[in-house]
Structure formats: structure tokens, C-alpha cells
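**Q** Any chance you could fold what I've pasted below:
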Amino acid sequence: MLKKDTASSKTGTSPLLPAFFLTGHVWGLYSMAASNMVPTRKDFLPTLACSVPWVLLYLGRHFLDTQGLRRLSTFIAMLMVVLVPLASLRASSFPMTQEQLKLFFEISILVWVLLLAAHCYRVYGRLQTLKFFGVGIVYGSMLENTGIFMDCFWENGYQWYLPWLRAPLATMLGWSAAFYASTCAANTIVRTKQRWWLRGLVATAVSLGLDGQLDPVATANGWWEWHPTLNDWFYGVPLLNYVAWFFACVVFYMTHEWLMWRFAPPKAIRILAWTLLPISAAAFLGVVVTMGLTEGWHGPSLLLFRRFFLLGPV
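**A** Below is the predicted model:
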């Protein structure tokens, strides 16, 4: 459970910025699909069902808990989640190139990560900031680069990369923003301290909702490309992506929530940092078993895994 550092807690501070991040994610992505992509993709409207229910539940709890200007801001955000995508259905197109859309995505992620990190530090303190924007970035970098090294997908043509890593800076940092916002949402929705497992599941659902809306837009825009042997499953995105997201999130969140419930923050964060490799291994095992059962043990996903570990074609 998210806990404030004693020295830096802010009484009366409501964590609204993560809610606004999720709000902007919902209407911003669909507005981009409906107005800026060439051709426009108003048919992406059903992808909103992945994220809108969780965002509205999060905002609804905020609305009940706050008063005055904060309550009004939350109400406006709830309206935007519903009305902006609907307005985008009738909006005229404003075409942008794939390069322009990719640069906008890259810059917006970097800006949001900086804003959310500053927000986390102000509201929850140094330790929680190190957890989400330290440990979380390391874990996200491991996940993102592993998928690329295994040839499951590629992320080319971005502006900023780190040496020796194939994933762009934006997508590696983006995991920390998703972890932080999803954990804030889960802590707002599930208040009972002992229900750490339920918070872990809710955080997983919020993150999967974000990805369920993001990946179709990203795939259509060429922000990342999937290995051609992986079959389309949801708006051009293979099933492997969502299975990998589920296990990467559920193992991480469950471990995080149990540690934060069981131990004081300093010890919990140290344990979380030292268990990233076992967490990653458990998540990968879940992916292997699930894809073996759904695609077959000689299906395209497991063939990519075998080729990676055997360092050659199989």
C-alpha cells in the first residue's frame, strides 16, 4: 500500500495528477486516432472499453472523497473521459505524419514521467519516488529490451536511446508512469489495508486497460512493429503482448502490494529492488505456459523464445 514518508507527507493533498494522466490517456489516444492518423481510425472506439471503466471508477472515488475545487476538477475530468472521445467521432481530421505522431508520443511520455515523479516526491516522499521512478524504470527497461532482443517486436526511429539498449528512452520510462498511476488508482479504489491482493489485481487491470487502448494506436502508427509470425488478435496486436503485460504486471503488483503491507517502506522497497530478477522469471514462466496452452507448444511465440535461447533458428 502506498505510504507517505513521515518527513515529506502533505496533509490534505489529494493525488489528482495520476487521475488526470489516465484521463488524458483515454481521450488523447482516441482523439489522435480519430483526427490525426492517416487514415483516421474512428473504428478504434471499442478500445475505450479497456480503460474507461477503471478510469471512471478511480475518478468516482476521488469525487466522493474531495470537496470544493478538487471535486469540481474531478467532475470535469469525468466528463472529459466520456465526452471528448464522443466529440472526436464527429471532429474533422487534422492529418499528421507518423514521424510527427511518434515525436509527440515520445515527448509527451517524457514530460508526463517528469511531472508524475515530481508529484510522487511531493505527495509521498523520496522513498516512494525511488521505488516507482527508480526500481520501476529498471523493471520496465528489462521488460522492454527483453521483448526486443527476443525479436518479438521492434521500436525503431525514435529520437532518444541509451547506449547498448534497443528500446527508446520513452517506452522504458513509460512503464514507471503506468506503474505509478495504476498503483494510485488501486489504492484509491481499494482502501482496506489487508486486501493487498485485491489492490494488486486492480492495479493490473488498470495497466492492462491502458495497454489495451495504447497498443492498437501504437501499432497502427508504427511506433512499434511486431514479428510477422505473431498472429493479430486485437486491432493488429498479437495475443502475446497482452499475456506478457498481464504477467509482467500481476507478478510485480502482487509482490509490491504484499511487501508494502507486510514491511515498512524502506525494507519493502529494498526487497522489491532485489527481487526484480525472480519477478521477471516468474512472469516469463507464466507467459510461456499460457502461450503454450493457447498457441500450442510449437506456436509462433514459443518458437521465438526457443530461437532466442538457442541462439539460432529452430
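**Q** contacts and neighbour counts: CA atoms only from here.
**A** Will do.
**Q** What is the least confident helix or strand in this structure?
**A** helix 68-90 (a mean of 88; mean pLDDT, DSSP states H and E).
**Q** how distant is that one from the center of its chain?
**A** Distance of helix 68-90 from its chain centroid, counting by CA atoms, centre = their mean, to the nearest Å, is 21 Å.
**Q** which parts of that helix are buried?
**A** 70-71, 73-74, 77-78, 80-82, 84-86, 88-89 (16 or more other CA atoms under 10 Å).
**Q** Count the neighbours of the closest residue to V217 other than its chain neighbours for me.
**A** The shortest distance from V217 to any non-neighbouring residue, by CA to CA, 6 or more residues apart in numbering, is to A33 (6.6 Å). A33 has 27 neighbours, counted by other CA atoms under 10 Å.
**Q** What is the one helix or strand A33 maps to packed up against?
**A** Assigned by DSSP states H and E, A33 belongs to helix 16-35. In terms of contacts (3 or more CA pairs under 8 Å, 6 or more residues apart in numbering; DSSP states H and E), helix 16-35 is packed against helix 48-65, helix 68-90, helix 98-124, helix 169-189, helix 196-221.
**Q** Run the chain-centre distance for that helix.
**A** Worked out by CA atoms, centre = their mean, helix 16-35 lies 13 Å from the chain centre.
**Q** quick one, phi psi at E155?
**A** phi -130, psi 80 (degrees, to the nearest 10).
**Q** Please shift the residue numbers so they start at 789 in all later answers.
**A** Right, with 789 as the first residue, what we last looked at is E943.
**Q** Show the contacting residues for it.
**A** I936, R954, A955, P956, W1011, W1012, E1013 (CA atoms under 8 Å, 6 or more residues apart in numbering).
**Q** Let's see if you can find the most crowded of those residues.
**A** That'd be A955 among these, by other CA under 10 Å, with 25 neighbours.
**Q** these two touch, right, that residue and E932?
**A** Yes. Here A955 reaches E932: they are 6.2 Å apart, a contact under CA atoms under 8 Å.
**Q** which of the helices and strands packed on helix 804-823 has the lowest average pLDDT?
**A** For those, mean pLDDT drops lowest on helix 856-878, to a mean of 88.
**Q** Quick check: the farthest pair among the buried residues of helix 856-878?
**A** Put simply, by CA to CA the two of the buried residues of helix 856-878 set farthest apart are R858 and L877, 29.2 Å from each other.
**Q** which one among the contacts of E943 gets closest to S1068?
**A** I936 (15.2 Å).
**Q** which residue packs closest to the closest one, ignoring adjacent ones?
**A** Nearest to I936 is W942, by CA to CA, 6+ apart, at 5.5 Å.
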